[in-house]
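1. Turn this into a model:
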Amino acid sequence: MGAMEQEEKTVQIRDDFDPDKILESGQCFRPRKQAEGWYRFVSGRQLLYLRPLRSGTYTVRCEPGAETFWHGYFDLGRSYAALRGKLDSQDDFLQRAMEYGRGIRVLRQDEWEMLVSFIISQRKSIPAIRRAVELLSERFGERLGSDSEGPVYAFPTAEALCCAGEQALQECGLGYRTRYVLHAAQQAAEGTLDLKKLASLPDEALFARLMELDGVGKKVANCVCLFGYGRVGRVPVDVWIERLIRDEFAGQDPFPQFGLEAGIVQQYLFFYKRSVG
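-> Next up, the predicted model:
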């Protein structure tokens, strides 16, 4: 697997888990499906390869001792099957969405990567976001190893993006978002923005602090809260969710009723609406 020492083992996941649906659920831009049924996940400096064997059983390759990290990344301490069971029958559309999206999990990803990725995401298609994020990683990220597809890179640090400068970031397809990314990188590099420290804030205070950043509106802030900090009560509202509220819920926001699990419900509904229409 290249420079990183990895060990291979067989693991069981007894809860809902579908890597294809996770990859297509709009929350992550670097994981990918590879040849021979393998999936590759990169987060921070951690690298995981996973291949389904049979129902609930997987071959995984990762650094020794990284199991706890990936357990948190995939939110495996939470039963999504139990959540679906609890919410079942509340609403026909929700029931169909949960069944269709069974296997989705809300990933707990790197805060810095999520902030930059979702700043970039504005008015971009998912394939275009993936291309931009991958280019940034290839050009300015640390090499973690290599596999059948070539070298694998970490997402670049704030310092690396500051050093890269405006022109180089523009060439990765960031467009008008370049100055927002650079501004965030400068603050993070200087320490005036300490994303790790923000993890101690309650949801509303975290959201408010993220909203202070250039180029970060409500949707981006909620995406970072949900996918970077695991705040599963947060609901990012994009065009698909706006359309869903209008078409399926007569214009009435359904999410407050789901409380601290509203962000997970949002993922089921977003995935279903975007896939089925």
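2. Would you map the strands across the stretch 51-200 of the chain?
-> Assigned by DSSP state E, counting those that start in this stretch, the strands in the stretch 51-200 of the chain fall at 57-62, 143-147, 150-153.
3. The longest one pairs with which strands?
-> Going back to what we said before, that points to strand 57-62. Here strand 57-62 has these sheet partners by DSSP bridges: strand 7-12 (antiparallel), strand 46-54 (antiparallel).
4. any chance of these in a markdown table, with distance to residue 225, mean neighbour count and mean pLDDT too?
-> (Glycine included, C-beta is placed from N, CA and C.) Shown next, in a markdown table, are the strands paired with strand 57-62 (distance: least, C-beta to C-beta, whole Å; neighbours: other C-beta atoms under 10 Å; pLDDT from 0 to 100):
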| stretch | distance to residue 225 | mean neighbour count | mean pLDDT |
| --- | --- | --- | --- |
| strand 7-12 | 29 | 11 | 95 |
| strand 46-54 | 22 | 17 | 96 |
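5. Quick one, which of those gets closest to residue 214.
-> For residue 214, the closest of the strands paired with strand 57-62 is strand 46-54, at 29.2 Å, according to C-beta to C-beta.
6. Please save the CA atoms from the closest one in PDB.
-> Provided in PDB are the C-alpha atoms of strand 46-54 (Å, rounded to 0.1, in the frame of the first residue of the first chain):
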ATOM      1  CA  GLN A  46      -5.500   8.500   8.000                       C
ATOM      2  CA  LEU A  47      -6.100   6.100   5.100                       C
ATOM      3  CA  LEU A  48      -8.600   3.300   5.000                       C
ATOM      4  CA  TYR A  49      -9.300   0.600   2.400                       C
ATOM      5  CA  LEU A  50     -12.500  -1.400   2.800                       C
ATOM      6  CA  ARG A  51     -14.100  -4.200   0.800                       C
ATOM      7  CA  PRO A  52     -17.400  -5.900   1.500                       C
ATOM      8  CA  LEU A  53     -17.200  -9.700   1.800                       C
ATOM      9  CA  ARG A  54     -20.700 -10.700   2.700                       C
END
